[in-house]
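J.: Can you look at this prediction? I've put the sequence above it.
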Amino acid sequence: MVLRGEYFSSQAREVGMAEVSLIPDSSLLGHTLREVAFRSRYGLNVAGIRRSGEALPGVLIDEPLQLGDILLVIGDWKRIRQLQARTRDFILLNSPAEVDQVAPAASQAPHALLALVLMVGMMITDHIPNPIAALIACLLMGKFRCIDMNSAYRAIHWPSMILIVGMMPFALALEKTGGVDVVVHLLMRLSGGAGAHVMLLSMFILCAVTGLFLSNTATAFLMAPIALDAAHQLGVSPYPFAMIVAIAASAAFMTPVSSPVNTLVLGPGGYKFSDFVRIGVPFTLLVMAASVLVVPLLYPF
């Protein structure tokens, strides 16, 4: 049976590949795959054998194994991982990154979904702070063995963490040095005291333009103090202004470099810079109009 690329794409969660090499004291030397019952013994199929740098042609099951042979094995990810412990016969030459990134603990999926539902439920009820709810969900997934400590550590996106930590003192510096007041006074002067709705519109435009050059996280950190101070000087609730910042900071539709997501689809989709401008500008205007009208209804001034 010929295994095509489409098969591995659809079976990527169950099927993996790796290369193993025979060691000098291996009990497999001089024997064929049929004689050692390789498939029954290890639960893996040998898709190819490389000897002296060349792949052996023909039927491999009756080919005597020699020292230096490299076997390409295909099978379940768990079986491939178990090969690392069988050092008496061969060594695993490569441990594919997909072993940790693709192979899931499928049996623990219900527990992971349960932890997710509990986290969302705790966040919705507002009885437990969001960070505590997320921490409880993480601890539950660890308790249910949905993920181990090493995998959890690798899942942390350190560039985002560094960005957040770096922007916090920058935003604090703007507030301490009076930079926030300067921006707020400028916005109020431009709006001409037209009211809270106009200030919301101005904040959206400022956040959306800033988001073209900075990430949405950095934009939110910079704009949040400005929005809160603007609400304070207008004598209105800060909630609609904070929500406008959250929405506008993510309204990065106008350029392919304004968001990593836009950049990722730029090449595979064959898009041009003008395509994002042509679609992104009207979409941003639509989101802006809807936000300015709906947010005050949900979070009154």
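T.: Happy to help now that I have it. Because the structure is predicted, anything quoted here is derived from the model rather than measured.

J.: Check what pLDDT the residue nearest to residue 62 when sequence neighbours are not counted gets.
T.: If you skip the residues right next to it in sequence, residue 62 has residue 32 as its closest partner in space, 5.1 Å away by C-beta to C-beta, 6 or more residues apart in numbering. For the C-beta atoms, the positions are set from N, CA and C on the backbone; glycine is no exception. According to the per-residue confidence, residue 32 scores 84 in pLDDT.

J.: Please parse the protein into its domains.
T.: Residue ranges for the structural domains of the chain, counted by automatic domain parsing, are given in the record as 5-101, 106-156, 160-298.

J.: just to revisit the earlier point, what does the residue nearest to residue 62 show for phi and psi?
T.: phi -90, psi 170 (degrees, to the nearest 10).

J.: contacting residues for it?
T.: Going by C-beta atoms under 8 Å, 6 or more residues apart in numbering, residue 32 touches 61-65.

J.: Show me just the buried residues among those residues.
T.: In terms of neighbour count (16 or more other C-beta atoms under 10 Å), the buried residues within these are 63, 65.

J.: any chance of the contacts of residue 32 in a markdown table, plus pLDDT?
T.: Compiled in a markdown table, the contacts of residue 32 are given as follows (pLDDT from 0 to 100):
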| residue | pLDDT |
| --- | --- |
| 61 | 82 |
| 62 | 80 |
| 63 | 82 |
| 64 | 84 |
| 65 | 84 |
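
J.: What segments of the stretch 51-200 of the chain are strands?
T.: Counting by DSSP state E, counting those that start in this stretch, the stretch 51-200 of the chain forms strands over residues 54-55, 70-76, 90-92, given from the N-terminal end onward.

J.: Lowest average confidence across those strands, which one?
T.: With a mean of 74, strand 90-92 has the lowest mean pLDDT of those.

J.: ok, back up a step: how about the strands of the stretch 51-200 of the chain, which one is nearest residue 198?
T.: Proximity to residue 198 (C-beta to C-beta) singles out strand 70-76 among the strands of the stretch 51-200 of the chain, at 61.8 Å.

J.: I'd say residue 248 and residue 288 touch.
T.: Yes: under the contact definition of C-beta atoms under 8 Å, residue 248 touches residue 288, with a separation of 7.4 Å.

J.: Neighbour count for those two, which is higher?
T.: When neighbours are counted by other C-beta atoms under 10 Å, residue 248 and residue 288 differ, and residue 248 comes out ahead with 29 against 20.

J.: part of a helix, is the more buried one?
T.: Yes: applying DSSP: H, G, I helix; E, B strand; the rest coil, one finds residue 248 inside a helix.

J.: If we ignore the residues flanking it in sequence, what's nearest it?
T.: Computed as C-beta to C-beta, 6+ apart, the closest residue to residue 248 that is not its neighbour in sequence is residue 207, at 3.4 Å.

J.: Let's verify the one you found: helix, strand, or coil?
T.: Assigned by three-state DSSP, the conformation of residue 207 is helix.

J.: Just the element for the closest residue to residue 259 other than its chain neighbours, please.
T.: Nearest residue to residue 259, sequence neighbours excluded (C-beta to C-beta, 6+ apart): residue 252, at 4.0 Å. With secondary structure defined by DSSP states H and E, residue 252 is part of neither a helix nor a strand.

J.: Report the contact partners of residue 252.
T.: Here residue 252 is in contact with 208, 211-212, 216, 258-259, 262 (C-beta under 8 Å, 6+ apart).

J.: For those residues, which entry has the maximal number of neighbours?
T.: In those, the most neighbours by other C-beta under 10 Å go to residue 211, 26 neighbours.

J.: From residue 278, how far out is that one?
T.: The span separating residue 211 from residue 278 equals 18 Å under the rule C-beta to C-beta, to the nearest Å.

J.: One more: residue 254?
T.: With the distance defined as C-beta to C-beta, residue 254 ends up 10 Å from residue 278.

J.: Between those two, which is the more surrounded one?
T.: Each of residue 254 and residue 278 has its neighbours counted (other C-beta under 10 Å); residue 254 has more, 22 against 12.

J.: how many other residues sit next to residue 82?
T.: Using other C-beta under 10 Å as the criterion, residue 82 is surrounded by 14 other residues.

J.: For the helix ranked longest in the chain, name the packing helices and strands.
T.: Of all the elements of type helix in the chain, the one with the most residues (DSSP state H) is helix 273-298. If contacts are counted by 3 or more C-beta pairs under 8 Å, 6 or more residues apart in numbering; DSSP states H and E, helix 273-298 sits against helix 196-210, helix 239-249.

J.: mind checking which of the ones you listed is nearest residue 146?
T.: Proximity to residue 146, assessed across these by C-beta to C-beta, is greatest for helix 239-249 (29.5 Å).
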